[in-house]
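1. predicted coordinates and the sequence they were generated for:
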Amino acid sequence: MVLYIILALSLLFLIYLLFASIIVCIDTISNQYYFELKGIFKANLEKDDIELFRIKLKVLLLKFYIYPLKKRKKRMDNKIKTKAHTNSKKNITLTRIIKILNTFKVTRFALDIDTDNCILNAKLYPLFSLFNFYGGNFHVNFQGRNQLVLYVKNRPIDIIRSIINF
């Protein structure tokens, strides 16, 4: 009986993993940069006082901090590592990459840019107006502001479906 309950819970967890949302956020206005698997995993890039930045990992109810720029001690092993060479690589074609990228949904996008060159800003203004006509959120300013807001969502089942349906 206990085995059936464990199997059922494992199956439900796998189904949840397939349908859970994957969110990527880049927001320079509020300084939020994170990758999230809704309810299970979140990797957040944060500013740190000691190092330049740190990565805050939340896995279920546990929190971890990773300092990627910190030097690590190297172990001196005299063992020779051998790599197993396999020739069973699948070719990744451009059409497959495009199909996978089409599964991602941009839920929010905003770009506010100043190039510090008034001539180039003036040349970008009509181009950004054209992009705004077709549903974008592009702005050129002459005040020195550079901002990007990008929220992208996807689900693992959509990625798997695009690979299988190729």
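-> The structure has been received and is ready for your questions.
2. got the residue ranges for the helices in the protein?
-> If DSSP state H is used as the criterion, the helices of the chain fall at 2-19, 94-102, 118-133, 156-164.
3. distance from the chain centre to the first one, please.
-> Centroid separation between helix 2-19 and its chain, computed with C-alpha atoms, centre = their mean, to the nearest Å, is 26 Å.
4. again, but for the third one
-> From the chain centre to the centre of helix 118-133 is a distance of 28 Å (C-alpha atoms, centre = their mean).
5. and that helix, average pLDDT?
-> Averaging pLDDT along helix 118-133 yields 90.
6. who touches Ile160 in this structure?
-> Leu18 (C-beta atoms under 8 Å, 6 or more residues apart in numbering). Quick note: C-beta positions are derived from backbone N, CA and C, even for glycine.
7. one more pass at 10 Å, please.
-> Listed by C-beta atoms under 10 Å, 6 or more residues apart in numbering, the contact set of Ile160 reads Leu18, Ile100, Thr103.
8. surely the first one meets Pro156?
-> It stands for Leu18. Yes - using C-beta atoms under 10 Å, Leu18 makes contact with Pro156 at a distance of 5.4 Å.
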